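Q: Have a look; sequence and predicted model below, questions after that.
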Amino acid sequence: MPRKRAMNVSIPLELAEEAKAYGTNVSAVLERALQAEHRERRRAEWRKANADAIREANKELAENGLWSDGLRTF
């Protein structure tokens, strides 16, 4: 199990009351939301860092096709 660190967060009172009424595990919801947010940011950073290589690979594919095009039987 990963180590955890306590943090203080502030949310609107209405959300806090509703979370308590529903029995929502706020820590688990926040953890999932942060994981999703950071995953998307890492994707965006990777796409930006690799944009030139992706563009070149797509150009190569458009000009020459796949190496296996002549081997496919379907």
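A: Cool, got the structure.
Q: residue ranges for the strands of the protein, please.
A: Shown for the chain, no strands are assigned by DSSP state E.
Q: quick one: low-confidence parts of it?
A: In the predicted model, the chain carries pLDDT under 70 at residues 74.
Q: for it, what spans make up the helices?
A: Across the chain, reading from the start of the chain, the helices by DSSP state H fall at 13-22, 26-49, 51-64.
Q: Using TSV, please lay out the ones you listed together with distance to A6 and mean neighbour count.
A: C-beta: built from backbone N, CA, C; applies to glycine. As requested, these are exported to TSV (distance: least, Cβ to Cβ, whole Å; neighbours: other Cβ atoms under 10 Å):
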stretch	distance to A6	mean neighbour count
helix 13-22	17	10
helix 26-49	9	10
helix 51-64	39	10
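Q: and of these, who's closest to L71?
A: Each of the helices of the chain was checked against L71 via Cβ to Cβ, and the shortest separation belongs to helix 51-64, namely 14.5 Å.
Q: residues making contact with that closest one?
A: R47 (Cβ atoms under 8 Å, 6 or more residues apart in numbering).
Q: same deal with stretch 25-37?
A: With Cβ under 8 Å, 6+ apart as the test, stretch 25-37 has contacts from V9, I11, A19.
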